[in-house]
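# here is my input; please provide its structure:
(one chain, ligands or ions: 1)
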Amino acid sequence: MELVNGAYELSNGLDPMALCEKYDCPLYVYDTAIMKRQFERLTSAFKVKKLKINYACKALTNINVLRFFKQLDAGLDTVSIQEVQLGLRAGFAPGEIIFTPNCVSLEEIEMAQALGVKINIDNISILEQFGHVYSDVPICVRINPHIMAGGSSKISVGHIDSKFGISIHQLPHVVRVVEATGLTVEGLHMHTGSDILDADVFLRGAEILFNSARHFKSLKYIDFGSGFKVPYKENDIATDIEELGEKLSERFNKFCENYGSDLTLMFEPGKFLVSEAGYFLTKVNVVKQTTSMVIAGVDSGLNHLIRPMFYNAHHNIVNVSNPAAKPRIYTVVGYICETDTFGVNRKISEIREGDILAFYNAGAYCFSMASNYNSRYRPAEVLIHEGKDYLIRKRETFEDLIRNQVEMDIFEKTSVIAK
Ligand SMILES: *Cc1c(COP(=O)(O)O)cnc(C)c1O
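Numbers count the residues shown, from 1 in each chain. Purely as a prediction, here's the structure:
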């Protein structure tokens, strides 16, 4: 969304205020043009014979977004059997879906294998159990290279005590289990975390996987996970995809030559593909002056967008309904009965009650982490595609809140009004 002649515009000149009129607030809006731009940045950055980008759908699981990426020829990275089912429903072939769960039951992995998707195994216990029963099913092994990365401790998953992956130090054990069970390892995988700031972190991890690959003769792919950082504010550092593409491609091609076959280079980005494609539109309910600041309270909260509170994440906030006004300093908060601050001391054009505030970077881990806390409805979602807007998820209603509650008749039903 950009300021054009003093007004904020989505792609093809679409007006965010008109969307608020049409669909009401709070509202998530996603722009396929930005998803496509990001997808193409990746596919043109890596110059290898075989490349597959698997969209990590936990970032944004609306089935229409999955279908959009399918149309771009992406694969799908899934972390639960339900995401596998969503992917199949969206039209992905089982072979285009990789299942990379963590600490799930063997039963869940067996369900995924029955559906025919690629299985990525991340602990030795499951490797043994799976191998004893399904030695004829080729698998991928998730290696933890112990590279410290990630923007916060919650999203850094590659460090030494991380619960993710099989430690690189246990590689001999993996090799023994593979030999004893007769399993075929067709893929090696690593995912060091989110918000990696430096291309060289990837390259260090890559060397570890290339070294590990010597132990497995039937590899078809190497999956380098994700963790590409996107900018959240102006002049924010972001992963230099083009630099990474150049360096890693060269190294990967050399590896394939030595290995003796052309493997597929895989990545599984979530945030990189959808973060910047999303905007969250909210309406200002209250503007309130305290002794030290001006607070703007919107019709949303940590129930809809928890990243600022959960990860200390920064989301740019702009006033789309009063863009030309003089900027003032605001603290923007939610309506949840708990402290849910979206941003402190933000410079935003003057906010009046009723104004529409837009949050940037609202495509990844925003709606997908939304809840019904305080018995609030989750927002509607709208997709913008080639200049048109489409409702892709209805706003919830009271029925949705009560749907799975079992109303018992063992308590008196008299209401206060009836008395
Ligand atoms: C979450 C996750 C991703 C995506 O991470 P982003 O930071 O959103 O790109 C990729 N792979 C695995 C295994 C994941 O769990």
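
# rest of the way, CA atoms for contacts and neighbours
Will do.

# what is the neighbour count of Glu399?
A count of nearby residues for Glu399, using other Cα atoms under 10 Å, gives 8.

# equivalent analysis for Ile168, please.
Ile168 has 18 neighbouring residues, counting by other Cα under 10 Å.

# that one and Asn144: what is the separation?
Computed as Cα to Cα, to the nearest Å, the Ile168 to Asn144 distance reads 6 Å.

# again, but for Leu27
Separation of Leu27 from Asn144 (Cα to Cα): 38 Å.

# so which of the two has more stuff around it?
Neighbours per residue (other Cα under 10 Å) separate Leu27 from Asn144, with Asn144 holding more: 29 against 25.

# I'd like the distance between the nearest residue to Val177 once chain neighbours are set aside and the ligand.
By the measure of Cα to Cα, 6 or more residues apart in numbering, the closest residue to Val177 outside its immediate chain neighbours is Glu128, 6.2 Å from it. Separation of Glu128 from the ligand (Cα to the nearest ligand atom, to the nearest Å): 21 Å.

# average pLDDT for stretch 234-241, rounded please.
Here stretch 234-241 scores 87 as its mean pLDDT.

# CA atoms only: put that stretch into PDB for me.
Extracted in PDB, the C-alpha atoms of stretch 234-241 (Å, rounded to 0.1, in the frame of the first residue of the first chain):
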ATOM      1  CA  GLU A 234      11.900   1.700   6.500                       C
ATOM      2  CA  ASN A 235      15.600   0.900   5.900                       C
ATOM      3  CA  ASP A 236      15.200  -2.300   7.900                       C
ATOM      4  CA  ILE A 237      17.700  -5.000   7.100                       C
ATOM      5  CA  ALA A 238      16.400  -7.900   5.100                       C
ATOM      6  CA  THR A 239      17.900 -11.100   3.800                       C
ATOM      7  CA  ASP A 240      19.700 -10.300   0.600                       C
ATOM      8  CA  ILE A 241      18.100 -13.000  -1.500                       C
END
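
# hang on, Leu248 packs against Val201?
No: shown here, Leu248 and Val201 do not form a contact pair, counting by Cα atoms under 8 Å, at 11.1 Å.

# more neighbours: which of these two?
Neighbours were counted for Leu248 and for Val201 using other Cα under 10 Å; Leu248 has more, 23 against 15.

# quick one: pLDDT of the more buried one?
For Leu248, the pLDDT comes out at 94.

# tell me the pLDDT of Ile410.
Listed pLDDT for Ile410 reads 89.

# that one in helix, strand or coil?
Going by DSSP: H, G, I helix; E, B strand; the rest coil, the secondary structure assigned to Ile410 is coil.

# number of residues surrounding it?
Applying other Cα under 10 Å, we find 6 residues neighbouring Ile410.

# phi, psi for the most centrally placed residue in the chain please.
A centroid search over the chain (Cα atoms, centre = their mean) returns Ala59, at 2.1 Å, as the residue closest to the centre. In terms of degrees, to the nearest 10, the main-chain angles of Ala59 are phi -60, psi -40.

# gap between it and Ile384?
Taken as Cα to Cα, the span from Ala59 to Ile384 is 18 Å.

# for stretch 267-283, buried residues please.
267-283 (16 or more other Cα atoms under 10 Å).

# how far does stretch 381-391 stretch from start to finish?
For stretch 381-391, the end-to-end distance is 6 Å (Cα to Cα).

# what's around the closest residue in space to Tyr259 that isn't next to it in sequence, how many residues?
For Tyr259, ignoring the flanking residues on the chain, the nearest one in space by Cα to Cα, 6+ apart is Arg214 at 7.7 Å. Around Arg214 there are 11 other residues, counting by other Cα under 10 Å.

# hang on, the earlier thing: averaged pLDDT, the helix or strand hosting the residue nearest to Val177. What do you get?
If you go by DSSP states H and E, Glu128 is part of helix 124-133. Averaged across helix 124-133, pLDDT comes to 96.

# residues of this structure that sit close to the ligand?
For the chain, the contact set with the ligand under Cα under 6 Å from any ligand atom comprises 56, 59, 100, 191, 194, 225-228, 268-272.

# in the helix or strand of the chain with the lowest mean pLDDT, what counts as buried?
Ranked by mean pLDDT, DSSP states H and E, the weakest helix or strand in the chain is helix 199-213, scoring a mean of 88. Neighbour-count burial for helix 199-213, counted by 16+ other Cα under 10 Å, picks out Ala199, Phe202, Leu203, Gly205, Ala206, Glu207, Ile208, Leu209, Phe210, Ser212, Ala213.

# now do Thr192, the pLDDT please.
Confidence at Thr192, expressed as pLDDT, is 76.

# can you get me a residue count around it?
Counted with other Cα under 10 Å, Thr192 comes out at 30.

# tell me the spacing between it and Pro379.
Here the distance between Thr192 and Pro379 works out to 32 Å (Cα to Cα).

# now Val133
Counting by Cα to Cα, the gap from Val133 to Pro379 is 44 Å.

# which one of the two has more residues nearby?
In this view Val133 and Pro379 are compared by other Cα under 10 Å, and Pro379 has more residues nearby, 26 against 12.

# who touches the nearest residue to that one once chain neighbours are set aside in this structure?
Nearest non-adjacent residue to Pro379, counting by Cα to Cα, 6+ apart: Arg395, 5.0 Å away. When contacts are counted by Cα atoms under 8 Å, 6 or more residues apart in numbering, Arg395 touches Tyr377, Arg378, Pro379, Ala380, Glu381.

# check those residues against the ligand and report the nearest one.
Glu381 (19.3 Å; Cα to the nearest ligand atom).

# next, that closest one: secondary structure please.
The three-state label for Glu381, taken from three-state DSSP, comes out as strand.

# what is the neighbour count of it?
The local packing of Glu381 (other Cα under 10 Å) involves 21 other residues.

# contacts for the host helix or strand of Cys20, please.
Under the criterion of DSSP H and E, Cys20 resides in helix 16-23. The contact list for helix 16-23 (Cα under 8 Å, 6+ apart) reads Tyr8, Glu9, Leu10, Pro26, Leu27, Leu281, Val320, Ser321, Ile356, Ala380.

# which one (most neighbours) among these?
Within the contacts of helix 16-23, neighbour counts (other Cα under 10 Å) peak at Leu281, which reaches 29 neighbours.

# apart from its neighbours in sequence, what residue is nearest it?
Distances taken as Cα to Cα, 6+ apart place Ala358 nearest to Leu281, at 4.5 Å, with adjacent residues excluded.
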